[in-house]
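Novice: coordinates only, sequence not included:
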């Protein structure tokens, strides 16, 4: 008989962490090797466009297959629970997998395909272990593996496991993040795309922020490490883009707030779609001025949502 989600969370996540981190890192290394072998030019020529306009490549499909194969080697119950992947041929619905006291994997096998095609290092394999309890779906543990970012970086973290960082061949375990007192500027991460004038105004709500731009889900890793303080996003995303990042943030005292409800992000929504969000490194810190930006981002998100309708 399989163990309940509660039993798994209480005693297994710490043991699971190195298995998953090493496995996802192996897949990330294999994807980098395939990219180098095929050549970026060939990958660009063969790239296709999905119905939502986003690109997909053979590397996306390869990453999906390798992750599914890797998961099958992990100990029970993790090797046999459901997998929800952006690259599934037939996408499972929340109703299919979000049953009370259950576990499932939620993953984007290759996040940041546009960055990869542009020759950037900011693409990653992203996977989260999800739990359903008392009707709520949340991430227990997550891994983000970026094989080219800063010499190759993998972040892993979740309930009871601490924050693991593997960078350029070295492993680090950080149970908590010690931050320097935050003054001015607050360190804000943004997407690579040039922000709108409205977004520039919203950045200013953090004071006079120091802004750096990165692509894909890797933005969550440096925030969890304490290198940055916040990442606001107005546009919607998919749940597999952010679940692992939320697990990392919560491991070191951070949070991911929904801009729709000004509450912690929840999962299992229709078509696995999210509202905009505000990711922060220290959720309860009085030294970080997050209340005003959260309120302003909430209002702007609702305005944009009404226009989209």
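Specialist: Perfect, thanks for sending it. The model shown is predicted, which means the values in this text are computed figures rather than measured ones.
Novice: In the stretch 51-200 of the chain, what residue spans correspond to helices?
Specialist: 58-71, 94-97, 113-117, 197-203 (DSSP state H, counting those that start in this stretch).
Novice: Show me what the longest one is packed against.
Specialist: Think helix 58-71. If you count contacts as 3 or more Cβ pairs under 8 Å, 6 or more residues apart in numbering; DSSP states H and E, helix 58-71 packs onto helix 13-38, helix 40-46, strand 82-85, strand 103-111, helix 113-117, strand 124-133. Placement of C-beta: from N, CA and C, glycine included.
Novice: Serialize these to JSON lines and add fields for mean pLDDT.
Specialist: Below are the helices and strands packed on helix 58-71 laid out as JSON lines (pLDDT from 0 to 100):
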{"stretch": "helix 13-38", "mean pLDDT": "95"}
{"stretch": "helix 40-46", "mean pLDDT": "96"}
{"stretch": "strand 82-85", "mean pLDDT": "98"}
{"stretch": "strand 103-111", "mean pLDDT": "97"}
{"stretch": "helix 113-117", "mean pLDDT": "96"}
{"stretch": "strand 124-133", "mean pLDDT": "96"}
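Novice: I'd like to know which of the helices of the stretch 51-200 of the chain is closest to residue 171.
Specialist: Proximity to residue 171 (Cβ to Cβ) singles out helix 58-71 among the helices of the stretch 51-200 of the chain, at 18.9 Å.
Novice: Other residues contacting the closest one?
Specialist: 23-24, 26-27, 30-31, 34-35, 38, 43, 46, 78-79, 83, 85-88, 105, 107, 109-110, 113, 116, 125, 127 (Cβ atoms under 8 Å, 6 or more residues apart in numbering).
Novice: Compute the inter-axis angle for that helix and helix 13-38.
Specialist: If you take axes from the mean of the first three to the mean of the last three Cα atoms, to 10 degrees, helix 58-71 sits at 150 degrees to helix 13-38.
Novice: In helix 58-71, which residues are buried?
Specialist: Across helix 58-71, burial judged by 16 or more other Cβ atoms under 10 Å covers 59, 60, 62, 63, 64, 66, 67, 68, 70, 71.
Novice: show me the contacts for residue 13.
Specialist: Neighbours of residue 13 in contact, by Cβ under 8 Å, 6+ apart: 129, 140, 141, 158, 159, 160, 161.
Novice: Model confidence for the residue nearest to residue 17 when sequence neighbours are not counted, exactly?
Specialist: Closest residue in space to residue 17, ignoring its immediate chain neighbours: residue 161 at 4.0 Å, by Cβ to Cβ, 6 or more residues apart in numbering. pLDDT, residue 161: 86.
Novice: Save the helices of the stretch 51-200 of the chain as a markdown table, and put in distance to residue 280 too.
Specialist: Below are the helices of the stretch 51-200 of the chain laid out as a markdown table (distance: least, Cβ to Cβ, whole Å):
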| stretch | distance to residue 280 |
| --- | --- |
| helix 58-71 | 29 |
| helix 94-97 | 26 |
| helix 113-117 | 24 |
| helix 197-203 | 14 |
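Novice: now for those, which one comes closest to residue 237?
Specialist: helix 113-117 (13.7 Å).
Novice: Please name every helix or strand in contact with the closest one.
Specialist: Short answer (3+ Cβ pairs under 8 Å, 6+ apart): helix 113-117 packs on helix 40-46, strand 55-56, helix 58-71.
Novice: To residue 208, which of these lies closest?
Specialist: strand 55-56 (35.9 Å).
Novice: Grab the nearest non-local neighbour of residue 211.
Specialist: residue 188 is the one closest to residue 211 (Cβ to Cβ, 6+ apart), at 5.0 Å.
Novice: how near is that neighbour to residue 109?
Specialist: Distance, residue 188 to residue 109, by Cβ to Cβ, to the nearest Å: 28 Å.
Novice: With residue 302 instead?
Specialist: 32 Å.
Novice: Neighbour count: these two, which is higher?
Specialist: residue 109 (26 against 14; other Cβ atoms under 10 Å).
Novice: which ones are touching that one?
Specialist: By Cβ under 8 Å, 6+ apart, the contact list for residue 109 reads 60, 61, 63, 64, 66, 67, 85, 86, 87, 125, 126.
Novice: repeat that with 10 Å
Specialist: 27, 31, 59-68, 85-88, 124-127, 240 (Cβ atoms under 10 Å, 6 or more residues apart in numbering).
Novice: what's the distance between it and residue 96?
Specialist: Taking Cβ to Cβ as the measure, residue 109 falls 19 Å from residue 96.
Novice: rewinding a little: and of the helices and strands packed on helix 113-117, who's closest to residue 170?
Specialist: helix 58-71 (22.4 Å).
Novice: okay, the angle between the closest one and strand 103-111?
Specialist: Using the same axes, to 10 degrees: helix 58-71 against strand 103-111 is 150 degrees.
Novice: Many thanks, we can stop here.
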